[in-house]
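S.K.: Here is the input, now give the coordinates:
(2 chains)
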Protein chains: 2
Amino acid sequence: MTGLGIIAGGGELPGAIAECATEAGRPVFIAALKGIASEAITRFQHEWVSLGETGRTLSLFRQHGCGEVLLAGKVSRPKWADVKFDAKGFSKLPKVLAAAAKGDDALLRSLVEVLEGEGFRVVAAAEAAPALLASSGVLGKHRPSARQKTDVELAVTVVRALGAFDVGQAAAVCDGLVLAVEAAEGTDAMIARIMSLPENIRGTAGVRRGVLVKARKPTQDGRTDLPVIGVDTVKNAAEAGLAGVAVEAGGALIVDKRGVIESANRLGLFLFGFS
Amino acid sequence: MTGLGIIAGGGELPGAIAECATEAGRPVFIAALKGIASEAITRFQHEWVSLGETGRTLSLFRQHGCGEVLLAGKVSRPKWADVKFDAKGFSKLPKVLAAAAKGDDALLRSLVEVLEGEGFRVVAAAEAAPALLASSGVLGKHRPSARQKTDVELAVTVVRALGAFDVGQAAAVCDGLVLAVEAAEGTDAMIARIMSLPENIRGTAGVRRGVLVKARKPTQDGRTDLPVIGVDTVKNAAEAGLAGVAVEAGGALIVDKRGVIESANRLGLFLFGFS
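M.R.: Okay, here's the model as predicted:
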């Protein structure tokens, strides 16, 4: 049972984790959520499963020798009425629905409990693919100024203050002013609206100002939902006129680290791992 | 010097305050900020002034017998390079710029200090126009459910947690999930983006769900920037599928209270003053 089972939601993270584990010589099997997971995961051993097919998913992991399982990638809250359940999925439904009412973190924790109750060890992406973790300090060729580091500190404080209520993972700050705070809309939508703010409180492609920070919520279980950035995060931040992106060293994942650093260098953004 | 001087920013609030004071038999003079204040204030005694014409504004208030002054209405952060200053305005500039770097609340406090240093008493809108304050309990004909009251409590907690860092005044919550948190974009833009969220986590015009809360920031000086709602707030909340609007009793202003309650009743939203 040395295999790693991955329940794959959307985005590039599940594939990046699978790649890391495969490079480390570990067998990987992906249960790819239908309509949610990226086609990119099909280069690994996989089956497509529905969100409610809990019994089938667990059987697949057992068949493929996966003793450890992880959840990765974005999953927006389902319309429960539209989800197809198998018998096992249906038996877990009341517990999961009760948790869902308490917020995203509670929902994810309840899924972890279901998996653990079935004898799997649920591992964090950071454990299964440690190469994805952000390291500390200046990661590209551009350096944050003292002013930008102060903005990073304020953004981190804001995200952590909100995190206690299971809100979002990101904030943008420019010269001491909080431009945007993430809630249910997600980081990309949050970054996009910075361009709609008055030009005098934000940066532009010509004069970059302000920082994007993604940080862990204090309530967050590292096994479910660490902050993630990728090439798109850097591109979006650049389009919004921001001067740089900061993530928690050892507490955030960078998908395609080389590509992210190259993009940041080319677009003139700093990339910083705070601790 | 029994007159009330009003420095009028944008929106309907300055006119509503002037109306309240006038109805109470008090002489009113409005210094209307050029390019910012609403044309609606021209029904009161007024002059148009630029943001940097501090000396002229103070002289006008003195000429019109205003011993008390208040600041009301939205003023977005100016491009300082575009502001015309008179001598007095110029002399106060370094102080105001230093405050502006610390955030909106610090900026407003510095303006209050300038006025007080010139011998004016700076009063709160709540003091000059107490009829605008939200009262406690159910304000229209629709009542919040227990679930909605719990959502109101969470939204209040979120706004207050953020308020310590001078962020925004509003949040929207639906069934325990924080849909949106206001930062520099303002409440209307925050409400508008709720419609872009997946339908299963929010309400619709058919099935209203979730609440909008506007609450004071703990750092907020009541003399500058109390939360305000008006008819548009209720209309926007209705368009976003929300079930109701809650404001702090005694800590928020309702412009056109009768119109706001009528809109809420007609559109099926509750209106609630929490304490």
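S.K.: Would you map the helices across chain A?
M.R.: A:13-23, A:54-63, A:87-100, A:104-117, A:125-128, A:146-163, A:187-194, A:231-239, A:257-267 (DSSP state H).
S.K.: How about the stretch 101-250 of chain A, which of its residues are in the neighbourhood of chain B?
M.R.: Listed as neighbours of chain B in the stretch 101-250 of chain A under the rule C-beta under 8 Å from any C-beta of the partner chain: A:101-104, A:154, A:157-158, A:161-162, A:164-168, A:171-172, A:175-185, A:189, A:193, A:196-201. Any C-beta I mention is one placed from the backbone N, CA and C, and that applies to glycine too.
S.K.: which among these end up buried?
M.R.: Listed as buried from those are A:103-104, A:154, A:157-158, A:161-162, A:165-168, A:171-172, A:175-185, A:189, A:193, A:197, A:201; burial here means 16 or more other C-beta atoms under 10 Å in any protein chain shown.
S.K.: For A:Asp166, see how far away A:Glu248 is.
M.R.: Applying C-beta to C-beta, to the nearest Å, the value for A:Glu248 to A:Asp166 is 18 Å.
S.K.: no no, A:Glu185
M.R.: With C-beta to C-beta as the criterion, A:Glu185 and A:Asp166 are 15 Å apart.
S.K.: Please apply the same query to A:Ser135.
M.R.: 27 Å.
S.K.: now the farthest one out in chain A, which residue is it?
M.R.: A:Asn200 (31.3 Å; C-alpha atoms, centre = their mean).
S.K.: Let me know whether A:Arg208 touches A:Leu269 as I believe.
M.R.: Yes. In this structure, A:Arg208 is within contact of A:Leu269 by C-beta atoms under 8 Å, at 7.0 Å.
S.K.: what is in contact with those two at once?
M.R.: Shared contacts of A:Arg208 and A:Leu269 (C-beta atoms under 8 Å, 6 or more residues apart in numbering or on different chains): A:Ala238, A:Leu242, A:Ala243, A:Gly244.
S.K.: How many neighbouring residues does the closest residue in space to the last one that isn't next to it in sequence have?
M.R.: So the one you mean is A:Gly244. Once flanking residues are discounted, A:Gly244 sits nearest to A:Phe270: 3.5 Å by C-beta to C-beta, 6 or more residues apart in numbering or on different chains. Residues lying near A:Phe270 (other C-beta atoms under 10 Å in any protein chain shown) number 24.
S.K.: check contacts around A:Phe270.
M.R.: A:Val138, A:Gly140, A:His142, A:Arg143, A:Pro144, A:Gln148, A:Ala243, A:Gly244, A:Val245, A:Ala246, A:Ala264.
S.K.: do you know how far it is from chain B?
M.R.: 21 Å (C-beta to the nearest C-beta, to the nearest Å).
S.K.: Over to A:Ala37?
M.R.: 17 Å.
S.K.: Now that that residue has come up, it's in contact with A:Gly9, right?
M.R.: Yes. In terms of C-beta under 8 Å, A:Ala37 counts as a neighbour of A:Gly9; the distance is 6.4 Å.
S.K.: coming back round to it: please tabulate the helices of chain A in a markdown table and include mean pLDDT as additional columns.
M.R.: Shown next, in a markdown table, are the helices of chain A (pLDDT from 0 to 100):
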| stretch | mean pLDDT |
| --- | --- |
| helix A:13-23 | 94 |
| helix A:54-63 | 92 |
| helix A:87-100 | 72 |
| helix A:104-117 | 74 |
| helix A:125-128 | 88 |
| helix A:146-163 | 93 |
| helix A:187-194 | 94 |
| helix A:231-239 | 96 |
| helix A:257-267 | 97 |
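S.K.: want to throw those into a markdown table with distance to B:Thr2?
M.R.: Putting those into a markdown table (distance: least, C-beta to C-beta, whole Å) gives the following:
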| stretch | distance to B:Thr2 |
| --- | --- |
| helix A:13-23 | 66 |
| helix A:54-63 | 74 |
| helix A:87-100 | 59 |
| helix A:104-117 | 56 |
| helix A:125-128 | 67 |
| helix A:146-163 | 43 |
| helix A:187-194 | 45 |
| helix A:231-239 | 54 |
| helix A:257-267 | 60 |
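S.K.: what's the neighbour count on A:Val145?
M.R.: No, residue A:145 isn't Val; it's Ser. 11.
S.K.: what does A:Ala205 give?
M.R.: The burial count for A:Ala205: 11, using other C-beta under 10 Å.
S.K.: Excluding sequence neighbours, find me the nearest residue to it.
M.R.: A:Ala205 sits nearest to A:Gly241 (C-beta to C-beta, 6+ apart), 6.1 Å away.
S.K.: contacting residues for the one you found?
M.R.: Neighbours of A:Gly241 in contact, by C-beta under 8 Å, 6+ apart: A:Ile194, A:Met195, A:Arg202, A:Gly203, A:Thr204, A:Ala205, A:Val207, A:Arg208, A:Arg209, A:Gly210.
S.K.: try A:Ile194
M.R.: With C-beta under 8 Å, 6+ apart, A:Ile194 has these contacts: A:Ala172, A:Leu179, A:Ala180, A:Arg202, A:Gly210, A:Ala240, A:Gly241, A:Leu242.
S.K.: Which of the shared contacts of A:Arg208 and A:Leu269 sits closest to B:Val255?
M.R.: Of all the shared contacts of A:Arg208 and A:Leu269, B:Val255 sits closest to A:Leu242, with 35.1 Å by C-beta to C-beta.
S.K.: Next one: the closest one from B:Val207, what distance?
M.R.: 37 Å.
S.K.: One more: A:Glu199?
M.R.: From A:Glu199 to B:Val207 the distance is 39 Å (C-beta to C-beta).
S.K.: Counting neighbours, go ahead and name the busier of A:Ala37 and A:Gly9.
M.R.: More crowded of A:Ala37 and A:Gly9, by other C-beta under 10 Å: A:Ala37, with 27 against 20.
S.K.: Can you tell me, leaving aside adjacent residues, what's nearest to the more buried one?
M.R.: Leaving aside its sequence neighbours, A:Ala37 sits nearest to A:Ala8 (C-beta to C-beta, 6+ apart; 4.2 Å).
S.K.: hey, what's the one you found bridged with?
M.R.: A:Ala32, A:Ala72 (DSSP bridges).
S.K.: Make sure it is actually in contact with A:Phe29.
M.R.: No. Judged on C-beta under 8 Å, A:Ala8 makes no contact with A:Phe29 at a distance of 10.4 Å.
S.K.: quick one: stretch A:57-70 to chain centroid distance?
M.R.: Mean-position distance between stretch A:57-70 and its chain equals 22 Å (C-alpha atoms, centre = their mean, to the nearest Å).
S.K.: Please apply the same query to stretch A:10-26.
M.R.: 14 Å.
S.K.: which other residues reach that stretch?
M.R.: A:2-4, A:6, A:8, A:28, A:30, A:32-33, A:36-38, A:40-41, A:43-44, A:70, A:72-75, A:125, A:128-132, A:228, A:230, A:253, A:255-256.
S.K.: residues of that stretch that come out buried?
M.R.: A:10-22.
S.K.: Return the member of the residues you listed nearest to chain B.
M.R.: Taking C-beta to the nearest C-beta as the measure, chain B sits nearest to A:Gly10 out of the buried residues of stretch A:10-26, at 12.6 Å.
S.K.: For that closest one, give me the pLDDT.
M.R.: On pLDDT, A:Gly10 comes in at 87.
S.K.: Just the pLDDT for the closest residue to it other than its chain neighbours.
M.R.: In space, and not counting its chain neighbours, A:Gly10 is closest to A:Lys74: 4.3 Å by C-beta to C-beta, 6+ apart. On pLDDT, A:Lys74 comes in at 77.
S.K.: Please tell me how far A:Lys74 sits from B:Cys174.
M.R.: For A:Lys74, the distance to B:Cys174 - C-beta to C-beta - is 19 Å.
S.K.: okay, these two: which has more neighbours?
M.R.: B:Cys174 (25 against 14).
S.K.: thought that one was touching B:Glu199?
M.R.: No. With contact defined as C-beta under 8 Å, B:Cys174 does not reach B:Glu199; the gap is 11.1 Å.
S.K.: before we move on, back to that, which of the contacts of A:Phe270 are buried? Put it as a ChimeraX command.
M.R.: In ChimeraX syntax, the buried subset of the contacts of A:Phe270 is picked out as below (16+ other C-beta under 10 Å):
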select /A:140,142,144,148,243,244,245,246,264
